[in-house]
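1. Give me the fold of what follows.
(chains A and B)
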Amino acid sequence: MRNGLDVRRRFNLRLLFFYAATLGFFGLILAHLADMQLVKHKQYLLQSDRNRINVVPVLPERGMITDVAGRGLAVNRVAYQVLMIPERVTRREQVLRRLAEMLHWDEARVARLRKRIAHSRADRPVLLADRLPWGQVAPLAARLHHFSGIDVQANSYRYYPYGALTSHVVGYISLATAEDVARGYQANEFVGRAGAERAFEARLHGTPGARQEEVDAHGRRVAVLQRIPPKTGENVHLSLDVDLQRVAADALGARTGAVVVMDVQTGKLLVLLSRPGYDTNRFITGLEYAQWNAWLRDVRKPLVNRTIQAAYPPASTFKLVTALAGLRHHIPLATGSSFCPGYLQLADRKLRCWRHQGHGRVDLRKAIMQSCDVYFYELGDQLGMGRLAEEARRWGFGEKTGIILSPEARGNIPRVGSGRGRWYRGVTMISAIGQGAVTATPLQVARFAAAIANGGRLLRPQLDADAAPVVERIIDVAPAALQRVREAMRAVVAERKGTAYYALRHLPWHVAGKTGTAQVVAMRKREAKGASGYDPHKDHAWFMGFAPYEQPRIAFAVFVEHGGHGGSAAAPVAAAIIRAMAAHADQQGAGT
Amino acid sequence: MRAVLRGLDLPLLLAILGLAALGMLTLYAALHQGDLSLWRKQGMVWVVGFALMLGMCFVPLRVFGLLTWPIYGLALLLLLAVPLVGEVHMGARRWLNLGLVVMQPSELMKWTLVFVLAHWFASREASQWRTVLVAVLLTALPAALIAKQPDLGTTLVLIFSATAMLIAAGLRWRVLAAALALAVALLPVIWHYMHDYQRQRVLTFLHPEADPLGAGYHVIQSTIAIGSGGLSGKGFLQGTQARLHFLPEQHTDFIFSVLAEEGGFLAACLLFALYTLLVFRVIAIAARAQNRFASMLCIGIASIFILYITVNVGMVSGLLPVVGIPLPFISYGGSALLTMLAAVGVVLRVGIEAHGHVPWQRPGSPLA
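-> All right, here's what the predicted structure looks like:
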C-alpha cells in the first residue's frame, strides 16, 4: 500500500480532472447551442415560421363582362353559405333540427349533412348549404347569436343575366381541374372555359391575395398575421350590343342559325349570335351530367358556336367572290353577258340553274341580283379553280379571322391538284356558286361583306370595345370593280326582281346584300324532324350584306340552318336588325 | 444549530435558489396555456424539497454509513421482484406496487449505488484490482437487472456514476482506457441485445429527418425551438414552438427547449452558469470533506448531476439519442426534484461536518 499523502495528492489531481470534465461537458453542450442559436439561427427561425405560418390564398373577385352600353353580361352575385364548425356546436342534433326547420331541409338532406359532419374535421368549417339568397338566410342570420359554431358567409357567384342569349359569346367558367392547378390555379378557383370568359381569362381573373395565418401543431388557426388583399380582375367591355343581339334572336325565333353584325370600319362585333343557345348559369350551379349529355346529344348541337366553329357552304353569297375574280382577271364575260336557259350542258351532265325556266340574257349585275347560277358556272369555268380559290383567299376565306374566341373553324377553299386524280370542270363550276367543297363560317362571310363595303380593308373581327381596330390587310381591288359589285348587291334589295326585295323593302336604311341558299345533299331520310320545326332536309339560308348603302356602317351575315330560301328565311332577320339599328340611330340623332 | 449555520455552503445554496427561480419561470412558460395546477404543485414540491434539503443538513453522515448496505440489499431485492410482480407501463416493467406507493426500484438503486461505492472506496484505493472488481460487481448486478426491465437511461446513469467514482478512487488511466476500448468493442453485442424501440431511438438520433412525423418529430421540433431562439430568445411566453404546441413533452424532458426558445442563448448560458456553480461547489466540498466516504459521496452526486444535465440538453438539442432523463431542477416532476434536493442536502451536510476540520489525508473507515 502506498503512502497516504500520495493517495491524497492523487485524489486532489483527480478533483482537478472533475472540474475540467465538467467544463468540458458543459462547454461542448454550450458550443453546440451556440452553433444552433447563433450560427444557424436564421435557418431554424425560418423552419419555426414555416411550422406556424400557413399561407391561405384569398381569391380575387373576377372582372365583369359588359356589353357596349355597360350592361352586365357576366356579373358577380352575392349568395350565402351556411357553415358549421362541429367542435363548437354543443348540441349538434338539436341545432341541425332547428336549421332544417328554418331552411326547409327535408329528412334526407339532414341525414346527408349528419353524415358529412361525422366525416369532417371537427375544427374546420363544414358546408351545410350553399348559394342561398339573402331572403332565405336572413331569418338565420338574425338569430345567429343563438347558434354558436354556425356561420353565415357571403360568397360571390358568377351570374349570366342574359343566359342563353349570349351563351356562345360570353361563355362560362368552371372549377379548376388538376391541369389548371398545375398551371398555378387554386383548386377552388374558377377558370374561363368558353367564349369571352376563356378568351379574356388573363384580364378577368385578377391576382389572388393571401392571408398569413398562425397555426398550432394541430393545424388550428390561432391568429391572422397579415393580409395581402387580392386584386380584382379587370372588367372587359365588349362591343356586343345585347339589345341588337336580342332583336336578332327574336327574328330567328326557334330556328337554328347564326347572326353576325360587324362595324364596317372597325371590325367590332355588335351581334354574335348562335342558336340554339344554352343557359350558361347551369355551369355555375353545378352542371348535372344529364343536362350536359342532353346538350351533347341534341341534333341541333346547342354547344357549337355556329358563328365561328361551324363552316357551311356559302352558296350564292360566294358568287360575289366569283364576280370579283372575273372583274380582276378581265374575263370578257364579267363585263359582257351570257344566256341562261335554266341549265348548262357539260358533256353528259346537266348543271341546273335554281330557276328552271332560266334567266334569259344575263350580265354581271343581273346575275347577282337574280342569283343566276348558269352565268356563274360559265364565269367560274373561264376563271378556273386556281384563280377562283386565289380570289376567295384574298377576301379572307379559308383562313381564321383571328377573332379572340376559340376554337375557330377555317372553312374550306379547295386547292387545285391537292386532291387525288383529275380536277373536274364541273367541280369548279359548283364551287363558283359556293357549293360543293367550298365552306365558310358566318363570321368570314360577314367580314367579306364588310370588306366590300369599306373598299377592300380586311378587318380582324373584335369583341373588345376598347381595343384598337386591326386591319389584317388591304385587298388590292379596282374601285370600279368593287362599285359594280356593290351596285349589284344594292339591286338585290332595291329592285323588284332582286332576290331579297320583298324582305327588305320599306326600310329606313338602304341595304345592299346577297342571298344564298345552300343545297343540303345526301341527308338521310331517317333523321327525324326536330321538335321546333328543325327539318334536316331543308336547305340552308344565307343573307349577307351591308347598310346603309350610301355610307356603310354595318356589315352582316345571317345564316339559318335548314331554313329554306335565303331571301325568305334569312333576309327578314337582317331586316329586323337594320330596323332596330336605324331606330336607335334616329333616337341618338334626336337626342343630340 | 449554530454549527450547521456556520458550515452551510452559501454559494451552493445560491445556485439552488437560482435554479428554483429559473425552473419555476420556465415551467410557467411551458404550462401557462395548459394545466397551471401542475405549476402550483411543482411550487409546493420546491417548498417541501427545500425543507427536506435543509433537514438533511442535520442528519450526521454516519447514519448514511450505517444504512448504506441494508438499503442496497433492499433495493436489490426490490429490483429482483420487479420482473416477478412489477407493473408494466409503456412496454417496460419498471414499477413496483408497494401498497401505499408505486415506485421504481431503479430510481432507488441509482442513489443507493453512489452510497455503496462511496462506502466501498472510503477505505480502499481503486488501484487494486480486487477493489475494482468488487466495485464493478456491485454496479453490474443492479445495472443488468435494470437493463433487462428495460431502462437504458438508468443503466447508463449507474455505469457513468460508477465510472466517475472509480476515477475519483484512483483507478489507473490505462485500466480505464482498456475498459473503454472493451466497451466499444462490445457495442455490436449490446446492439444485438437491445430492444427494437431502443434501436429505433438510436437510429432516429442518427437520422431524425428519416421519420419527421414519427420518432424524429420530437427532436426536430425541439431543435427548431432552440435554434430559432437565437441570442436573446423570442421573449417570455412568446415562444411559437412552445405556445403552438409544436414542442412535445415541454414541461418534462423537453423543457430545455422552452427555455432556449424564449430566453435564447443568454438564458441557456445563465442556466449553465448556475449548473457549473452547483457542480463546482459540490466538487469543492468533496475536496475539503472530513473523510473519504464524504468526498466519494460528493463525487458520485456531482457525476449524476453532470450526466443528467449533459444527456438531457444533449438529447433535446439533437446531440445525443433520446433517453428519458429529466433536466435537474427544471423539469416538472416531484420525486426527481425531491431526491435531487435531498442529495444536495447530503452535500451541504458534508460541508457542515468539514467546517473547521482538516480534510482527510488517507483512506479510512467511513464511520470514522
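
2. which SSE is the residue in the stretch 401-550 of chain A that chain B sits nearest to in?
-> Closest to chain B within the stretch 401-550 of chain A is residue A:406: 46.4 Å, counting by C-beta to the nearest C-beta. C-beta coordinates here come from the backbone N, C-alpha and C atoms, glycine included. Residue A:406 is part of no helix or strand when elements are defined by DSSP states H and E.

3. how about it, what does it touch?
-> Each residue near residue A:406 by C-beta atoms under 8 Å, 6 or more residues apart in numbering or on different chains is listed here: A:198, A:199.

4. How about the one 10 residues further on?
-> By C-beta under 8 Å, 6+ apart, residue A:416 lies in contact with A:384, A:385, A:386, A:389, A:423.

5. What is the nearest of those residues to residue B:18?
-> The shortest approach to residue B:18 among these belongs to residue A:389, at 100.0 Å (C-beta to C-beta).

6. separation between that closest one and chain B?
-> 69 Å (C-beta to the nearest C-beta, to the nearest Å).

7. can you pull the contacts of that residue?
-> Here residue A:389 is in contact with A:398, A:413, A:414, A:415, A:416, A:431 (C-beta under 8 Å, 6+ apart).

8. Among the residues you listed, give me the pair with the biggest separation.
-> Maximum pairwise distance among the contacts of residue A:389 (C-beta to C-beta): 13.0 Å, between A:398 and A:416.

9. can you list the weak-confidence ranges in the chain?
-> In the absence of a named chain, this looks at chain A. A:1-5, A:417-423, A:521-534, A:589-592 (pLDDT under 70).

10. ah, no, chain B please
-> For chain B, the ranges with pLDDT under 70 are B:90-92, B:99-100, B:204-215, B:367-368.

11. What is the burial count for residue A:300?
-> By other C-beta atoms under 10 Å in any protein chain shown, 19 other residues sit near residue A:300.

12. Am I right that it is in a helix?
-> No: using DSSP: H, G, I helix; E, B strand; the rest coil, the secondary structure at residue A:300 is coil, not a helix.

13. correct me, but it touches residue A:276?
-> Yes: assessed by C-beta atoms under 8 Å, residue A:300 is found in contact with residue A:276 at 5.5 Å.

14. Now list whatever residues contact both of those two.
-> Going by C-beta under 8 Å, 6+ apart, residues that sit against residue A:300 and also against residue A:276 are residue A:256.

15. Which one of the residues in the stretch 251-368 of chain B is closest to chain A?
-> Proximity of the stretch 251-368 of chain B to chain A (C-beta to the nearest C-beta) peaks at residue B:362, 2.9 Å away.

16. just checking, that residue is part of a helix?
-> No: according to three-state DSSP, residue B:362 belongs to no helix; its state is coil.

17. distance of it from residue B:291?
-> Going from residue B:362 to residue B:291 by C-beta to C-beta, to the nearest Å gives 10 Å.

18. out of those two, which sits in the busier spot?
-> residue B:291 (25 against 15).

19. so how far is the helix or strand harbouring residue B:29 from its chain's centroid?
-> Using DSSP H and E, residue B:29 falls within helix B:10-31. Centre-to-centre, helix B:10-31 and its host chain are 17 Å apart (C-alpha atoms, centre = their mean, to the nearest Å).

20. and if you look at stretch A:331-339?
-> Distance, stretch centre to chain centre, for stretch A:331-339: 45 Å (C-alpha atoms, centre = their mean).

21. Of all the residues in that stretch, which ones are buried?
-> Using 16 or more other C-beta atoms under 10 Å in any protein chain shown as the test for burial, stretch A:331-339 gives A:331, A:333, A:334, A:337, A:338.

22. so what's the closest residue to residue A:265 other than its chain neighbours up against?
-> With C-beta to C-beta, 6 or more residues apart in numbering or on different chains as the criterion, residue A:265 has its nearest non-adjacent residue at 6.2 Å, and that residue is residue A:454. Contact analysis of residue A:454 by C-beta under 8 Å, 6+ apart lists A:264, A:265, A:552.

23. neighbours around the first one, how many?
-> Neighbourhood size, residue A:264 [other C-beta under 10 Å]: 24.

24. Against residue B:353, how distant is it?
-> For residue A:264, the distance to residue B:353 - C-beta to C-beta - is 117 Å.

25. How about the contacts made by residue A:378?
-> Residue A:378 neighbours (C-beta under 8 Å, 6+ apart): A:333, A:338, A:344, A:429.

26. Next, format those as a markdown table and append distance to residue A:166 and secondary structure.
-> Below are those laid out as a markdown table (distance: C-beta to C-beta, whole Å; DSSP: H, G, I helix; E, B strand; the rest coil):
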| residue | distance to residue A:166 | secondary structure |
| --- | --- | --- |
| A:333 | 46 | helix |
| A:338 | 46 | strand |
| A:344 | 45 | strand |
| A:429 | 41 | helix |
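
27. how about those in CSV, adding distance to residue A:141?
-> What follows is the contacts of residue A:378, written out as CSV (distance: C-beta to C-beta, whole Å):
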residue, distance to residue A:141
A:333, 79
A:338, 79
A:344, 78
A:429, 73
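
28. Tell me the one of the residues you listed nearest residue A:315?
-> residue A:429 (14.0 Å).

29. where's the residue of the stretch 101-250 of chain B found nearest chain A, which helix or strand?
-> Per C-beta to the nearest C-beta, the residue of the stretch 101-250 of chain B with the smallest distance to chain A is residue B:227, at 2.5 Å. For residue B:227, the element it lies in under DSSP H and E is helix B:217-229.

30. List the buried residues of the helix or strand harbouring residue A:116.
-> Residue A:116 is part of helix A:107-118 when elements are defined by DSSP H and E. Within helix A:107-118, the residues that count as buried by 16+ other C-beta under 10 Å are A:110, A:113, A:117.

31. could you pick out which of these are near chain B?
-> By C-beta under 8 Å from any C-beta of the partner chain, no member of the buried residues of helix A:107-118 lies near chain B.

32. Do any residues in stretch B:19-32 lie close to chain A?
-> No: using C-beta under 8 Å from any C-beta, stretch B:19-32 never reaches chain A; the gap is at least 14.3 Å.

33. next one: that stretch to chain centre, how far?
-> 19 Å.

34. Flag every buried residue along that stretch.
-> B:19, B:20, B:22, B:23, B:24, B:25, B:26, B:27, B:28, B:29, B:30, B:31.

35. how about a markdown table for the residues you listed, with distance to residue A:322 added?
-> What follows is these, written out as a markdown table (distance: C-beta to C-beta, whole Å):
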| residue | distance to residue A:322 |
| --- | --- |
| B:19 | 105 |
| B:20 | 107 |
| B:22 | 101 |
| B:23 | 102 |
| B:24 | 102 |
| B:25 | 98 |
| B:26 | 96 |
| B:27 | 98 |
| B:28 | 96 |
| B:29 | 92 |
| B:30 | 92 |
| B:31 | 94 |
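
36. How about the residues of the stretch 151-300 of chain B by chain A?
-> Checking the stretch 151-300 of chain B against chain A by C-beta under 8 Å from any C-beta, the hits are B:164, B:167-168, B:170, B:221, B:223-231, B:240-241, B:243-246, B:260, B:264-265, B:268-269, B:272, B:275-276, B:279-280, B:283, B:286-287, B:292, B:295, B:299.
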